[in-house]
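In: turn this into a model:
(one chain, ligands or ions: 2)
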Amino acid sequence: MAATHLMGPVLVVGTGLLGASIGLGLRQRGLEVRLSDPSPTAQGVAQDIGAGTILAPGEQLFPQLVVVAAPPDVTAAVVSRALREHPEATVVDIASVKSSILAALRSDPDLGPDQLRRYVGTHPMAGREKSGPAAARGELFTSMPWVVCAHPDADEESVRTAMDLGIDLGATVSRMDALEHDASVALVSHFPQVAASLIASRLLNAPSHALSLAGNGLRDTTRIAASDPKLWIQILSHNAPQLVGILHGMREDLDRLIGTLEAPSAPGALLDLAELMAEGNAGRARIPGKHGAPPQAFGVVTVLVDDKPGQIARLLADIGAAGVNVEDLRMEHSAGHQVGMVEVSVVPGRRQELIDSLTNIGWKVVQ
Ligand SMILES: NC(=O)c1ccc[n+]([C@@H]2O[C@H](COP(=O)([O-])OP(=O)(O)OC[C@H]3O[C@@H](n4cnc5c(N)ncnc54)[C@H](O)[C@@H]3O)[C@@H](O)[C@H]2O)c1
Ligand SMILES: O=C(O)C(=O)C[C@]1(C(=O)O)C=C[C@@H](O)C=C1
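Out: Ligands and ions are numbered 1, 2, ... in the order given. Model (predicted):
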């Protein structure tokens, strides 16, 4: 079992997709994790899948760390309560927006400046288009970015503890202030969500024979359109000012494109289209790594691979020896990280067999 930087116990408040994934990941590394959620079902499922044990009402706990993994609109209130109930603990949240939560905590009449020092806002840039603990994965954060947005008055020890959480879960941890974080995720997370939802909403009245032709282009660009509306209403409204500027830019680009396509044989029209595509290619090439969606037609087996020469070749040889054909392969890798994730696509009927063969010979398969 890997050694951890955290000592625990860790109390996870809010045991949905993210809270249960954090609990699972920390339990897999041997830490004591306790769970609390107002929904008895959510905390029961989280406990059943091995994300920790439920904190009984009235039970005393002295956690090293409280992780608030509740929806953004209640996060500040839940953090405030945790800071008061656990006077020795560091309290972090993992909500997708940071400035509005920090502002709410700063103006909370029940919180003193000393209590606020133990709060550190964070945001793992890893998730899924599904919600709830049943969709949780302990390896969700492996090699993914995790931003720590410590406010200027935060205790250094609490900041260290917040960073240890991401590090123990295998993430690539960096620091940013809350405003810069919100501007960044408006572009790399919130805008893509809006764009995917806008694309998918165009399909509502499409004839079914048109939809039957859909290939991976449509699937790749709309996976996150399946995300939970309750969560995204909150994220988008909390980060509206940052998003609006990006949408204005998009409107200008769209107006230009419409003008070009209305007169496709006008002088310069083809050049305009070439520029659009070239700019898209260049923007795409700047993305440092992506937790890509599996093509839905295949079963996907995700294998953790050490970042050493020859590992992929060895994996492919072992898959070949198992007699399973590789239909597609994607590698995710974060610079400076010692582990990568290889997603192997196979025909769905062979997936479990491949998982079993690889696990039997010592590969770490992420389930
Ligand atoms: N889903 C993602 O991809 C993703 C990624 C990174 C961060 N986040 C952030 O993580 C947080 C949780 O998102 P999720 O996807 O796990 O949502 P989820 O719906 O799966 O889980 C949220 C959980 O919070 C619980 N909850 C509701 N009110 C609560 C309260 N007052 N106190 C404690 N718990 C409460 C719910 O019962 C539920 O179990 C959000 O703030 C979100 O912005 C989500
Ligand atoms: O992979 C997904 O499903 C996600 O959309 C995860 C994603 C993102 O990368 O934008 C979405 C919102 C969260 O705040 C963090 C991560």
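
In: my guess is residue 95 meets residue 72, correct?
Out: Yes: counting by CB atoms under 8 Å, residue 95 touches residue 72, with 4.4 Å between them. Where you see a C-beta, it was placed from the backbone N, CA and C, and this is true even at glycine.

In: shared neighbours of these two, anything?
Out: Residues touching both residue 95 and residue 72 (CB atoms under 8 Å, 6 or more residues apart in numbering): residue 101.

In: of those two, give the one with the bigger neighbour count.
Out: More crowded of residue 95 and residue 72, by other CB atoms under 10 Å: residue 95, with 27 against 21.

In: what helix or strand is that one located in?
Out: Under DSSP states H and E, no helix or strand contains residue 95.

In: report pLDDT for it.
Out: Predicted confidence (pLDDT) for residue 95: 98.

In: wait, what's in contact with the residue in the stretch 51-200 of the chain that ligand 1 sits nearest to?
Out: For the stretch 51-200 of the chain and ligand 1, the shortest gap (CB to the nearest ligand atom) falls at residue 127, measuring 1.7 Å. Contacts here follow CB under 8 Å, 6+ apart; on that basis residue 127 touches 17-18, 140.

In: just those: which are in helices?
Out: Counting by DSSP state H, the contacts of residue 127 place 17-18 in helices.

In: show the end-to-end separation of stretch 47-60, please.
Out: Start-to-end span of stretch 47-60 (CA to CA, to the nearest Å) is 19 Å.

In: buried stuff in that stretch?
Out: For stretch 47-60, a neighbour-count test (16 or more other CB atoms under 10 Å) marks 47, 49, 51-55 as buried.

In: is ligand 1 within reach of the one helix or strand residue 160 maps to?
Out: Here residue 160 sits within helix 156-168, counting by DSSP H and E. No: Helix 156-168 stays clear of ligand 1 (CB under 6 Å from any ligand atom), getting no nearer than 11.9 Å.

In: buried ones in that helix?
Out: Residues of helix 156-168 classed as buried: 158-159, 161-168 (neighbour count, 16+ other CB under 10 Å).

In: show me which residues of this protein sit near ligand 2.
Out: Taking CB under 6 Å from any ligand atom, the part of the chain that reaches ligand 2 is made up of 96, 125-129, 189, 224, 291.

In: now rank those residues by neighbours and give me the top one.
Out: Taking other CB under 10 Å as the neighbour criterion, residue 96 ranks highest of the residues of the chain next to ligand 2 with 26 neighbours.

In: how close does it sit to residue 195?
Out: Distance from residue 96 to residue 195, counting by CB to CB, to the nearest Å: 16 Å.

In: ditto for residue 158
Out: Taking CB to CB as the measure, residue 158 falls 36 Å from residue 195.

In: which residues of the stretch 51-200 of the chain fall in helices?
Out: Residue ranges of the helices in the stretch 51-200 of the chain, as given by DSSP state H, counting those that start in this stretch, are 72-85, 99-106, 113-116, 156-168, 178-185, 191-201.

In: now these as JSON lines including mean pLDDT?
Out: Converted to JSON lines, the helices of the stretch 51-200 of the chain look like this (pLDDT from 0 to 100):
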{"stretch": "helix 72-85", "mean pLDDT": "98"}
{"stretch": "helix 99-106", "mean pLDDT": "98"}
{"stretch": "helix 113-116", "mean pLDDT": "96"}
{"stretch": "helix 156-168", "mean pLDDT": "98"}
{"stretch": "helix 178-185", "mean pLDDT": "98"}
{"stretch": "helix 191-201", "mean pLDDT": "98"}
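
In: now render those helices as TSV, adding distance to residue 258.
Out: Formatted as TSV, those follow (distance: least, CB to CB, whole Å):
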stretch	distance to residue 258
helix 72-85	35
helix 99-106	34
helix 113-116	49
helix 156-168	43
helix 178-185	28
helix 191-201	15
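
In: for residue 317, which of the ones you listed is the nearest?
Out: Proximity to residue 317 (CB to CB) singles out helix 156-168 among the helices of the stretch 51-200 of the chain, at 32.2 Å.

In: residues in contact with the closest one?
Out: Helix 156-168 is contacted from outside by 4-6, 10, 22, 25-26, 29, 31, 64-65, 67, 90, 92, 117-120, 122, 124, 141, 146, 148, 150, 172-173, 175, using CB under 8 Å, 6+ apart.

In: among those, name the buried ones.
Out: Applying 16+ other CB under 10 Å to the contacts of helix 156-168 flags 4, 6, 10, 22, 25-26, 29, 31, 64-65, 67, 90, 92, 117-120, 122, 124, 141, 146, 148, 150, 172-173 as buried.

In: quick revisit: I'd like the buried residues of stretch 47-60 laid out as TSV, including pLDDT.
Out: Output for these, formatted as TSV (pLDDT from 0 to 100):
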residue	pLDDT
47	97
49	96
51	97
52	98
53	98
54	98
55	98
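
In: what's the domain layout of this structure?
Out: 10-176, 183-285, 299-366 (automatic domain parsing).

In: and the first one, how far apart are its ends?
Out: So that's domain 10-176. For domain 10-176, the first-to-last residue distance is 24 Å (CA to CA).

In: need the residues of the chain near ligand 1, please.
Out: Counting by CB under 6 Å from any ligand atom, the residues of the chain that sit close to ligand 1 are 13-19, 37-39, 42, 69-72, 74-75, 78, 94-96, 124, 127-128, 131-132, 231, 235.

In: now a PyMOL select for only the buried ones of those residues.
Out: What follows is the PyMOL syntax for the buried subset of those, where burial is set by 16+ other CB under 10 Å:
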select buried, resi 13+14+15+16+17+18+19+37+42+69+70+71+72+75+78+94+95+96+124+127+128+131+132+231+235
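
In: nothing else from me, thank you.
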